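> Model the structure of this input:
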Amino acid sequence: MTSIPQARPAAVGGKALAHAAMLLFAALVSGSYTVGAIAAPHIGPAAINAVRFVFATSLMGAAAALVLSGRVPPPRAPWRFGVLGVLMAVFFVTMFVALRLTDPVSTGAVFTLLPVLAAVFGFLFLGEVPRPLVIASLALAGCGAVWVIFRGDLDALLSFDVGPGELLFLVGVACHAAYAPLVKRFNRGEPVIAFTFWTLLATGLCIALYGAREIAATDWAALPGVVWVAVAYLSVFTTAGTFFLLQFAALRLPAAKVLAYNYLTPTFVILYEGLLGHGWTSASVVAGALVTVLGLAVMALAPDR
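Numbering: from 1, shown residues only. Reported below is the predicted structural model:
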């Protein structure tokens, strides 16, 4: 049996940068909810995701060529990027399909299982065993995130019903959770920017195949300018940018720690909505957000092993 390759220990400074990268990752991803809501009435989910990946892949390819002296190295063992691309495409597709079958609160609740599943896959693929303090901090942060998702309404939390939409999205969340440890497992010393480019390309191709009919039916010339503003944000920041940040962090931190920063998404959304004048949430929900932040702070300071 082939032994599992272990990543070289990252320096303390590298780990600090990885935590900072995931904090920025959470902030950028959270902004996509507000931006995406503006474009949603004008374009289908498969079409907007396909075009965002076209732009993001082109941008990352140009950046990689610039950084790597004009040439992106061809991928060795291309199947690795195919696997990663399928995993992320399944996540995106199941998210959109699930939102047609259930509500955003329920999908958000399922999403909170991501770090726990990441810890499981981190153990299976890399032999990573989180310390008890890390597990406890993840549980604390997860409880805070669930409280925020259900807007501090205990009755809504207790009445949570698992239906086909939730079960479908659970498959997507599991694929996303497997992605981070597999980035570390599959990386063969390629520059992060080149690795990101090939992963983006594979993911975009998978999504384009899924949404080919919707893409062909879209009247691209008639789309309002706000859609292209949204595409620009999604392409630059929440596709090319977040894929790079995620892979940068995944090579330096355990999978559970990397994906735990997704718990901050509802907290950032609350902040953005308030700053944009859409109203501030209740003190009870803010308390849940603070619990999430506290749990993640403890996690960041806890030893990896």
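
> who's in contact with the helix or strand containing residue 297?
Assigned by DSSP states H and E, residue 297 belongs to helix 283-301. Here helix 283-301 makes contact (Cβ atoms under 8 Å, 6 or more residues apart in numbering) with 19, 133-134, 136-148, 151-152, 257, 260-261, 263-264, 266-267, 270. Using the backbone N, CA and C atoms, a C-beta is placed for each residue, glycine as well.

> Let me see the contact set for residue 108.
Residue 108 touches 149, 266, counting by Cβ under 8 Å, 6+ apart.

> do residue 215 as well
The contact partners of residue 215, taken as Cβ under 8 Å, 6+ apart, are 46-47, 50, 208.

> And the pLDDT at it?
The model reports residue 215 with a pLDDT of 92.

> What does it show for phi and psi?
Per-residue torsions, residue 215: phi -60, psi -40 (degrees, to the nearest 10).

> Could you say which of the contacts of residue 215 is surrounded by the most neighbours?
In terms of neighbour count, residue 47 stands highest of the contacts of residue 215 at 23 neighbours, by other Cβ atoms under 10 Å.

> My guess is that residue contacts residue 212. True?
No: checked against Cβ atoms under 8 Å, the pair residue 47 and residue 212 is beyond contact range at 10.1 Å.

> Next, the contact list for the spatially closest residue to residue 230 that is not a sequence neighbour, please.
Among residues not flanking residue 230 along the chain, residue 39 sits closest, at 3.6 Å (Cβ to Cβ, 6 or more residues apart in numbering). With contacts defined as Cβ under 8 Å, 6+ apart, residue 39 is in contact with 48, 226-227, 230-231.

> Out of the residues you listed, which end up buried?
48, 227, 230-231 (16 or more other Cβ atoms under 10 Å).

> Low-confidence regions, the protein specifically.
Judged by pLDDT under 70, the chain has its weakly predicted residues at 1-13, 103-106, 160-161, 304-305.

> Would you reformat the contacts of residue 215 as TSV and include secondary structure and distance to residue 129?
What follows is these, written out as TSV (DSSP: H, G, I helix; E, B strand; the rest coil; distance: Cβ to Cβ, whole Å):
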residue	secondary structure	distance to residue 129
46	helix	39
47	helix	43
50	helix	39
208	helix	39
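
> Residue 186: which of those is nearest?
Residue 186 has its nearest neighbour among the contacts of residue 215 in residue 208, at 22.3 Å by Cβ to Cβ.

> how many neighbours does residue 249 have?
Residue 249: 29 neighbours (other Cβ under 10 Å).

> do the same with the one 4 residues further on
Using other Cβ under 10 Å as the criterion, residue 253 is surrounded by 27 other residues.

> How about it: what's its closest non-neighbour residue?
residue 18 (4.9 Å).

> coming back round to it: rebuild the contacts of residue 215 as TSV, extending it with distance to residue 171.
As requested, these are exported to TSV (distance: Cβ to Cβ, whole Å):
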residue	distance to residue 171
46	18
47	23
50	21
208	20
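
> farthest-separated two in the residues you listed?
Greatest spacing in the contacts of residue 215, by Cβ to Cβ: 47 and 208 (9.8 Å).

> Do I have it right that residue 137 meets residue 302?
Yes: with contacts counted by Cβ under 8 Å, residue 137 reaches residue 302, the gap being 6.3 Å.

> Whichever strand or helix holds the residue nearest to residue 230 to helix 283-301, inter-axis angle?
Assigned by DSSP H and E, residue 39 belongs to helix 12-39. Per axes from the mean of the first three to the mean of the last three Cα atoms, to 10 degrees, the angle that helix 12-39 makes with helix 283-301 is 150 degrees.
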